[in-house]
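Engineer: What follows is a predicted structure for the sequence shown.
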Amino acid sequence: MTFPKNFLWGGAVAANQCEGAYREKGKGLSIIDVLPNGVHSTPTDTVEEDVYYPSHGAVDFYHRFKEDLAYMKELNFNVFRTSIAWTRIYPTGMEEEPNEEGLKFYDQLLDEIINNGMTPLVTISHFDTPLYLSQKYNGWESRELIPLFEKYCRTVFNRYRDKVKYWIVFNEINNVHTMPYAAAAIREDKAENEAESLRMRYQAAHHMFVANAIAVKMGHEIIADSQIGCMLSFSGIYPNSCDPRDVFRTLELEQRSYFFADVMMNGAYPYYAEKLLGNTFSQLEILEEDLNLISSYTNDYVSLSYYRSTTIKDGMMTTGHTGGIKGIDNPFLGNTPWGWQIDPLGLRVVLNKLYDRYGKKLFIVENGLGAADEVVVENGEKRIQDPYRIDYIRDHIQAMAGAIEDGVEVLGYTYWGPFDIVSAGTGEMKKRYGFVYIDKDNEGNGTLERIKKDSFDWMKKVVASNGTNLS
Ligand code: BGP
């Protein structure tokens, strides 16, 4: 049997993409609550009346989590990943005392996850820093955020110590480079030039590394058997040709992602840091006590999102989005309707590379296919036929099995968006990942009815067979 007996199978979501109820029971505004079209759009300064913000209502998981988690149980999942919204606990980030109503909500949510037979996997910060901290301090660019985050971590570790063992500190921390607002709450458009923007982003990253180390230390102290992971967006990148210049450029771009895990897993800035950041590296404020913390408290496992791969040509401009770095399409691969190239074997490559580099357990905490699913009515019943999703998942599970056979230790697999949620990248509802369809459109219309897709029954059997029945 390829998958170990206690392999974790589940689904993953983020608070800001599913909960809605954006001002309920004292919740403060987060950076995402002023983004009309996903993490690549420009935030408004405050909530504007005539603008539609998808996070405000999302798919109303806040009120419907019992129904949604019942579906997760039916899928036979034994793990469920979600995040805590910082702004439900500390509405601006600055309060001395936490918001009890927010804490109670996560008590109920975590109990429901556990009562449905699933282990909670909790992300502490998933793209939703309090807006106040972004506006007052330019987010993680400021050292001020470290103690504020520490206070938030202490509160949630203490409160949920008996409920949660698996934690992720920051979602996709390497996106500080490509998506600095979402990942680090900084407005790089305020930087006067590219050099200043680079400095801002990496100063923010440094503060997050220190905060991560503090979270690891505190998590271990408060919850003896806790596992505190770091998390990377790690889709695959290949040289576009065998031209050594393409190979070298690809290596450099890979280092840009490894950089983050190198610091958090190896406990020190890597040898290539100065090369990667040029003059910027020496301009960063890095205190000796920071380096001591970073070296003493490294993460227990590496978690990652993997969606697709791309190819790199020397000298080309690359862009990045929620799927990772975007280069030139690979002629050997097909695309999703959103242009993400489907590359299951790339997952096996990435798992081997990460395991080889860190020698620590890996956790695939995001993988999935976003598509424009259609509801058809057959014999009076609503049905969503999504064979493309089944193909995508089957091929990725096989690749993961291959990596395990290669000797890589994989803790588990949480499929991204097991019920439809708002897309982080574009704010759309149309880009659907779920096994459960949710009736809501891009403009916010819909009944919020939940309907199982064809992939639901297939996935249920896969999980029941511990990944052996993929037919
Ligand atoms: C990752 C994020 C998720 C998520 C996913 C899919 O970068 O951690 O929040 O949504 O990408 O991206 P999208 O929603 O843009 O399809």
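Structural biologist: Cool, got the structure.
Engineer: pretty sure Asp457 belongs to a strand, no?
Structural biologist: No: under DSSP: H, G, I helix; E, B strand; the rest coil, Asp457 falls outside any strand and is assigned helix.
Engineer: What residues does the stretch 251-400 of the chain have near the ligand?
Structural biologist: Proximity of the stretch 251-400 of the chain to the ligand, by CB under 6 Å from any ligand atom, involves residues 305, 322, 366, 370. Where you see a C-beta, it was placed from the backbone N, CA and C, and this is true even at glycine.
Engineer: could I get these as TSV with secondary structure and pLDDT?
Structural biologist: Below are those laid out as TSV (DSSP: H, G, I helix; E, B strand; the rest coil; pLDDT from 0 to 100):
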residue	secondary structure	pLDDT
Ser305	strand	98
Thr322	coil	94
Glu366	strand	98
Gly370	coil	98
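Engineer: Which ChimeraX command selects the buried ones in those?
Structural biologist: Per 16 or more other CB atoms under 10 Å, the buried members of these correspond to this ChimeraX selection:
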select :305,322,366,370
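Engineer: So what's the residue count around Thr319?
Structural biologist: For Thr319, the count of nearby residues is 10 (other CB atoms under 10 Å).
Engineer: between the residues of the stretch 251-400 of the chain next to the ligand, which is nearest the ligand?
Structural biologist: Thr322 (3.4 Å; CB to the nearest ligand atom).
Engineer: For the closest one, give me its contacts.
Structural biologist: By CB atoms under 8 Å, 6 or more residues apart in numbering, the residues touching Thr322 are 39, 179, 233, 307, 423-425.
Engineer: Can you add neighbour count and give those back as CSV?
Structural biologist: Below are the contacts of Thr322 laid out as CSV (neighbours: other CB atoms under 10 Å):
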residue, neighbour count
Val39, 24
Met179, 22
Ser233, 26
Tyr307, 27
Ser423, 23
Ala424, 29
Gly425, 20
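Engineer: near the ligand, anything from stretch 70-90?
Structural biologist: No: Stretch 70-90 lies apart from the ligand when judged by CB under 6 Å from any ligand atom; the minimum separation is 9.0 Å.
Engineer: Any idea how far apart the tips of that stretch sit?
Structural biologist: Stretch 70-90 has an end-to-end distance of 29 Å (CA to CA, to the nearest Å).
Engineer: Check the offset of it from the chain's centre.
Structural biologist: Relative to the centre of its chain, stretch 70-90 is centred 13 Å away, using CA atoms, centre = their mean, to the nearest Å.
Engineer: Ok, stretch 43-60 next?
Structural biologist: Using CA atoms, centre = their mean, the distance from the centre of stretch 43-60 to the centre of the chain it belongs to is 21 Å.
Engineer: Let's see that stretch as PDB, backbone CA atoms only.
Structural biologist: Listed next in PDB are the C-alpha coordinates belonging to stretch 43-60 (Å, rounded to 0.1, in the frame of the first residue of the first chain):
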ATOM      1  CA  PRO A  43      -7.500  48.000  -2.700                       C
ATOM      2  CA  THR A  44      -9.900  50.800  -2.000                       C
ATOM      3  CA  ASP A  45      -9.000  53.000   1.000                       C
ATOM      4  CA  THR A  46     -12.100  52.000   2.800                       C
ATOM      5  CA  VAL A  47     -15.300  50.000   2.100                       C
ATOM      6  CA  GLU A  48     -17.100  51.900  -0.700                       C
ATOM      7  CA  GLU A  49     -20.800  51.600  -1.000                       C
ATOM      8  CA  ASP A  50     -21.100  51.100  -4.700                       C
ATOM      9  CA  VAL A  51     -18.300  48.500  -5.000                       C
ATOM     10  CA  TYR A  52     -18.900  44.700  -4.700                       C
ATOM     11  CA  TYR A  53     -16.400  43.000  -2.400                       C
ATOM     12  CA  PRO A  54     -16.500  39.200  -2.700                       C
ATOM     13  CA  SER A  55     -15.100  38.500   0.800                       C
ATOM     14  CA  HIS A  56     -17.900  40.300   2.500                       C
ATOM     15  CA  GLY A  57     -20.500  37.500   2.000                       C
ATOM     16  CA  ALA A  58     -18.200  34.900   0.400                       C
ATOM     17  CA  VAL A  59     -20.100  31.500   0.600                       C
ATOM     18  CA  ASP A  60     -21.400  32.200   4.100                       C
END
